[in-house]
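J.: sequence? don't have it. structure:
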């Protein structure tokens, strides 16, 4: 109810330019609140939530009339999925001293520059109606080469030895987000030589510091660490510490059976086999755990150096062989990852079909259903989704982004909660063709998530294909007529997972999410044929820190943030010298 003290409008950030939307408020505080309304007509309901986590509202998100979130940013996954479902969404809304009650009629407004407002509805507002469903397909902003897509920075400076040039690159401090020109002297042959050569102590030190300089700005740019279902700071802190204690021995078993460079080379030959994010986590999560333990006083900077070398070197060789061009992450390559062989890209492009208004909407709905399901499966994380590319087609003036959704069934991770998951597919690859001129900014970050300006990427997609991958290794191209059925089946499996996690108590949710991350080496162990030779249980050293202090939200946040972000060092990671 509006009172004299109620401000006229409450400012926030719109996830996209939806125009105006009207509806009645319903606050959601617990998973049971979501389950209670699952069968209801929610077209006129404006959900009010505190955090920008996607999984909390995920079973009903696509059917809501709108979402009001008091935190979050346009880079949050809630913002991304709301755009894809075309559900009006306002984030970081400052409600000041007004808290709308359930049943209050409200009006949401947006603008083209991502501003948004919430206000009490007037008598003329009609619940459930909107003046704009979604931004139209962006028109080309320019024919200038500057808008031809992401570009890499190179330097022609050379010592005459490409391997030395590469290590000099690693030692160089980049700009405020860790970017720096890559040596043009580095070739495929350089990558092979780097994988063959052992690292010196100085090189290991420089690589750790380079990784920390790349990682720290990504932490400050990310969307947040909140989730109403999974206590995110406790499980993030616990999982990286577990990685520190468990990864060295697991990696020694894997590397002895199949060297990292062979694993990487095999996995880069075809889409849908591996997420580059899984590779990224091998090195970065391990060093995060090391940093937290240093901060806790449980470890010195030059302790366990043999273990540190084992993990970082395995990650280095795995990454170099998978990416293939000498870069170590998306940022090194101008926020791109074009690891697929050209013949694989060509094969995917042959499956493309033009989109019309109806199939474009179906694609967005399927993409959102897959995305929401993956976030639920992987305990409110991005681990199951990863973009690669973009792969330009100069003859057509277009580019292709490849989006993999991985481990949709019981999967290569063998998670207990996924044992009975069966959405009919084990993975899905979307091939998405668009005009680079539609965007003046295009970035795939180190976690494999695409951000664009303008920000409605799927509205710029002109042709697409959906490739289903099955547990027996076969694939099939799904026609647009099959997309809604797959989305429906994913929704049913999604709700089942939601109930499974909702029935867990807090400590078991933390342990489940910790297991999700700490089993990150299982796909590599499976490929190497040694999955059964690895001990996948939690380390006693990790469990000694649970539940005190790691189960406490505030303590875990202080441990995690204090070690990795809240300091003046340019690198999130400490060297050992």
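T.: Good, I have the coordinates. Remember, it's a predicted structure, so these values are computed and weren't measured experimentally.
J.: quick one: which helix or strand includes residue 387?
T.: Element membership for residue 387 (DSSP states H and E) is strand 385-393.
J.: Then residue 78?
T.: Assigned by DSSP H and E, residue 78 falls in helix 77-85.
J.: tell me the phi and psi of residue 265?
T.: In terms of degrees, to the nearest 10, the main-chain angles of residue 265 are phi -60, psi -40.
J.: While we're on it, how confident is the model there?
T.: Residue 265 is assigned 96 on the pLDDT scale.
J.: ditto for residue 472
T.: As predicted, residue 472 sits at a pLDDT of 94.
J.: where does it fall, phi/psi-wise?
T.: According to degrees, to the nearest 10, residue 472 has phi -80, psi 0.
J.: swap in the one 5 residues further on?
T.: Listed backbone geometry of residue 477 is phi -80, psi 120, with angles given as degrees, to the nearest 10.
J.: Let me see the contact set for it.
T.: Contact partners of residue 477, counting by C-beta atoms under 8 Å, 6 or more residues apart in numbering, are 351, 465-468. Placement of C-beta: from N, CA and C, glycine included.
J.: do the same with residue 309
T.: 199, 204.
J.: Doesn't it belong to a strand?
T.: No - Residue 309 is assigned helix when assessed by DSSP: H, G, I helix; E, B strand; the rest coil, not a strand.
J.: Quick check: mean pLDDT of the helix or strand harbouring residue 501?
T.: Taking DSSP H and E as the definition, one finds residue 501 inside helix 483-502. Mean per-residue pLDDT for helix 483-502: 96.
J.: How far off centre is that helix?
T.: 20 Å (C-alpha atoms, centre = their mean, to the nearest Å).
J.: Can you name every helix or strand that that helix contacts?
T.: Secondary-structure packing of helix 483-502 (3 or more C-beta pairs under 8 Å, 6 or more residues apart in numbering; DSSP states H and E): helix 31-36, helix 357-377, strand 461-469.
J.: Would you mind listing the buried residues in the shortest one?
T.: Within helix 31-36, the residues that qualify as buried are 31, 33-34, counting by 16 or more other C-beta atoms under 10 Å.
J.: just the second one next, same as before
T.: Residues of helix 357-377 classed as buried: 359-360, 362-377 (neighbour count, 16+ other C-beta under 10 Å).
J.: quick one: which helix or strand includes the nearest residue to residue 419 once chain neighbours are set aside?
T.: Counting by C-beta to C-beta, 6 or more residues apart in numbering, residue 419 lies nearest to residue 410, which is 5.6 Å off, once chain neighbours are set aside. Taking DSSP H and E as the definition, residue 410 sits outside all helices and strands.
J.: so what's residue 410 up against?
T.: So residue 410 contacts 418-422 (C-beta under 8 Å, 6+ apart).
J.: Between helix 357-377 and the helix holding residue 78, find me the angle.
T.: 150 degrees (axes from the mean of the first three to the mean of the last three C-alpha atoms, to 10 degrees).
J.: Just confirm residue 187 contacts residue 162, I think it does.
T.: Yes - with contacts counted by C-beta atoms under 8 Å, residue 187 reaches residue 162, the gap being 6.5 Å.
J.: Within its local environment, how many residues does the nearest residue to residue 281 once chain neighbours are set aside see?
T.: Sequence neighbours aside, residue 520 is the residue nearest to residue 281 in space, at 5.2 Å (criterion: C-beta to C-beta, 6+ apart). Using other C-beta atoms under 10 Å, residue 520 has 23 neighbouring residues.
J.: my guess is residue 520 meets residue 285, correct?
T.: Yes - counting by C-beta under 8 Å, residue 520 touches residue 285, with 7.1 Å between them.
J.: joint contacts of the two?
T.: Residues touching both residue 520 and residue 285 by C-beta under 8 Å, 6+ apart: residue 243.
J.: before we move on, back to that, when residue 187 and residue 162 are compared, which one has more neighbours?
T.: Each of residue 187 and residue 162 has its neighbours counted (other C-beta under 10 Å); residue 162 has more, 20 against 12.
J.: and the gap between that one and residue 507?
T.: According to C-beta to C-beta, to the nearest Å, residue 162 and residue 507 sit 51 Å apart.
J.: follow-up on the earlier one: closest to residue 269 among the contacts of residue 477?
T.: Distance to residue 269, by C-beta to C-beta, is smallest for residue 467 among these, at 15.4 Å.
J.: give the contact list for that closest one.
T.: Taking C-beta under 8 Å, 6+ apart as the contact definition, residue 467 lies against 271-272, 348, 351, 428-431, 475-478.
J.: So how do I select the buried members of these in PyMOL?
T.: Selection command for PyMOL covering only the buried members of the contacts of residue 467, criterion 16+ other C-beta under 10 Å:
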select buried, resi 271+272+348+351+428+429+430+431+475+477+478
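J.: Going by distance to residue 167, which of the contacts of residue 467 wins?
T.: Nearest to residue 167 among the contacts of residue 467, counting by C-beta to C-beta, is residue 271 at 31.3 Å.
J.: my guess is the closest one is in a helix, correct?
T.: No - Residue 271 sits outside any helix when classified using three-state DSSP, being coil.
J.: hmm, back to that, so can I have CSV of the helices and strands packed on helix 483-502 showing mean pLDDT and distance to residue 494?
T.: Below are those laid out as CSV (pLDDT from 0 to 100; distance: least, C-beta to C-beta, whole Å):
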stretch, mean pLDDT, distance to residue 494
helix 31-36, 93, 11
helix 357-377, 95, 5
strand 461-469, 98, 17
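J.: and of these, who's closest to residue 547?
T.: Closest approach to residue 547 among the helices and strands packed on helix 483-502 is made by helix 31-36 (21.0 Å; C-beta to C-beta).
J.: hmm, who's touching the next helix-or-strand element following that closest one?
T.: Downstream of helix 31-36, the first helix or strand assigned by DSSP H and E is strand 45-49. Residues from elsewhere that reach strand 45-49 (C-beta under 8 Å, 6+ apart): 21, 23-28, 37, 56-57, 60, 64-70, 100, 106, 108, 228.
J.: Strand 45-49 - what's its average pLDDT?
T.: Per-residue scores along strand 45-49 average to 96.
J.: and that strand, how far out from the chain's middle?
T.: The answer for strand 45-49 is 24 Å, by C-alpha atoms, centre = their mean.
J.: try stretch 394-407
T.: 17 Å.
J.: ok, now stretch 292-303?
T.: With C-alpha atoms, centre = their mean, you get 28 Å for stretch 292-303.
J.: Let me know the secondary structure of residue 420.
T.: Put simply, residue 420 is coil when judged by three-state DSSP.
J.: Could you report the neighbour count for it?
T.: 12.
J.: Give the buried residues for the helix or strand residue 315 falls within.
T.: Element membership for residue 315 (DSSP H and E) is helix 305-323. By 16+ other C-beta under 10 Å, the buried positions in helix 305-323 come out as 307-323.
J.: Please state the mean pLDDT value computed over it.
T.: For helix 305-323, the mean confidence score works out to 98.
J.: Relative to residue 177, how far out is the closest residue to residue 166 other than its chain neighbours?
T.: Spatially, and ignoring its direct neighbours in sequence, residue 166 is nearest to residue 186 (5.3 Å; C-beta to C-beta, 6+ apart). Going from residue 186 to residue 177 by C-beta to C-beta gives 21 Å.
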